[in-house]
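Trainee: Mind folding the following:
(one chain, ligands or ions: 2)
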Amino acid sequence: MNEINASNLVIIKLGGSVITDKSKERSVKKDTLNRLSREIAESHVSTIIVHGGGSFGHPLAKKHKVNSGLKGSTLIGASLTESAMKELNLYVINSLINHGIPAVSISPFSIIITDIEKVWSYFFETINFSLNIGFTPVLYGDVVLDKSNGFSILSGDKIIVELVKYFRPKSVIFCLDVDGIYTSDPKINKNAKLIRELSINDAIEIAKSSNNSKKDVTGGIKGKLESAVEIARIGTDVIFINGNRHNLLQKTLKGTIEIGTLLRGLKS
Ligand code: ATP
Ligand code: IP8
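Mentor: Numbers count the residues shown, from 1 in each chain. Ligands and ions are numbered 1, 2, ... in the order given. Okay, the predicted model is just below:
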């Protein structure tokens, strides 16, 4: 078996805001998804791909209060959310396969248990084995079993933190629907400035000043920045780019950040 060299591995987060239309429930942006699949295929970089919930996971998780577990939600609400995420995941998997990427779906519900938002146990051996024989593992933000609350929602961003601890990849690329991290939300504040190189302290400050997203059950940009800080502290570079800009993902995978935000991993 060819052991994968972790220093060549890149983890990509395909944001729900990029691959789905968040203004319309259960709608996939198929053209964007196909273009991103092509860019990943043409880069020839080994990757683990994680995608978000977008208009599949978030509206259902919110409607059924899945984050409050057995006390405030229902098993059927959790099942419906888990099933919607599988539906989105199948679009992603099929798009990747159609572009020649040997993608395999790894359901977080089946391999992770949390305890009040913290990952309590996981089984990553399947991901490791898949990578080593040449598959591209694909995970996603999901409903997971939770020791204290029965079940909960685990963001793809938090899953990536655990993957980074385990696989120590070269970098993590977050594909968003904006050009990177700004001084404040660029969709609200027209004077917000794109930050080309973000320090850990700046990331913490921007996370503190960002409100939890009303539509997203996993905290929007606030949660994403908190995860990014954890990743950088482990020593892995984090790059935020706009997944809607053509060929940017491919260029970033090859090591050139034309437009985006870099949060450098701390070197020990
Ligand atoms: P999902 O959780 O569905 O995967 P995602 O990963 O695509 O979603 P979001 O949680 O939607 O990402 O976060 C991206 C959004 O965060 C952008 O559309 C932007 O409007 C908003 N945002 C708020 N504050 C900032 C900021 N300081 N810099 C950049 N984007 C910000
Ligand atoms: O979009 C959320 O994952 P995220 C998953 O990566 C669900 O935060 C089910 C809402």
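Trainee: all helices of the chain, in order?
Mentor: Taking DSSP state H, the helices of the chain run over residues 16-19, 30-43, 54-63, 69-72, 75-98, 108-111, 125-132, 156-167, 200-209, 220-234, 248-253.
Trainee: Turn those into JSON lines, columns for mean neighbour count, distance to ligand 2 and mean pLDDT.
Mentor: (Glycine included, C-beta is placed from N, CA and C.) Output for these, formatted as JSON lines (neighbours: other Cβ atoms under 10 Å; distance: least, Cβ to the nearest ligand atom, whole Å; pLDDT from 0 to 100):
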{"stretch": "helix 16-19", "mean neighbour count": "24", "distance to ligand 2": "5", "mean pLDDT": "97"}
{"stretch": "helix 30-43", "mean neighbour count": "19", "distance to ligand 2": "15", "mean pLDDT": "98"}
{"stretch": "helix 54-63", "mean neighbour count": "24", "distance to ligand 2": "3", "mean pLDDT": "97"}
{"stretch": "helix 69-72", "mean neighbour count": "13", "distance to ligand 2": "14", "mean pLDDT": "96"}
{"stretch": "helix 75-98", "mean neighbour count": "18", "distance to ligand 2": "5", "mean pLDDT": "98"}
{"stretch": "helix 108-111", "mean neighbour count": "18", "distance to ligand 2": "9", "mean pLDDT": "98"}
{"stretch": "helix 125-132", "mean neighbour count": "16", "distance to ligand 2": "17", "mean pLDDT": "98"}
{"stretch": "helix 156-167", "mean neighbour count": "22", "distance to ligand 2": "3", "mean pLDDT": "98"}
{"stretch": "helix 200-209", "mean neighbour count": "15", "distance to ligand 2": "15", "mean pLDDT": "96"}
{"stretch": "helix 220-234", "mean neighbour count": "21", "distance to ligand 2": "7", "mean pLDDT": "96"}
{"stretch": "helix 248-253", "mean neighbour count": "21", "distance to ligand 2": "17", "mean pLDDT": "98"}
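Trainee: so can I have CSV of these showing distance to Ser184?
Mentor: Formatted as CSV, the helices of the chain follow (distance: least, Cβ to Cβ, whole Å):
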stretch, distance to Ser184
helix 16-19, 17
helix 30-43, 25
helix 54-63, 22
helix 69-72, 32
helix 75-98, 29
helix 108-111, 31
helix 125-132, 36
helix 156-167, 20
helix 200-209, 7
helix 220-234, 10
helix 248-253, 22
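Trainee: Select, out of the ones you listed, the one closest to Val178.
Mentor: helix 16-19 (8.3 Å; Cβ to Cβ).
Trainee: residues contacting the residue of the chain found nearest ligand 1?
Mentor: Going by Cβ to the nearest ligand atom, ligand 1 is nearest to Gly52 of the chain, at 1.7 Å. Neighbouring residues of Gly52 by Cβ atoms under 8 Å, 6 or more residues apart in numbering: 13-17, 19, 140-141, 155-157.
Trainee: quick one, phi psi at it?
Mentor: phi -90, psi -180 (degrees, to the nearest 10).
Trainee: Give me the distance between it and Thr74.
Mentor: Distance, Gly52 to Thr74, by Cβ to Cβ, to the nearest Å: 23 Å.
Trainee: Might you report the residue contacts of Glu230?
Mentor: With contact set as Cβ under 8 Å, 6+ apart, Glu230 has these partners: 161, 164.
Trainee: one more time with 10 Å, if that's ok
Mentor: By Cβ atoms under 10 Å, 6 or more residues apart in numbering, the contact set of Glu230 is 157-158, 160-162, 164-165, 200, 236, 238.
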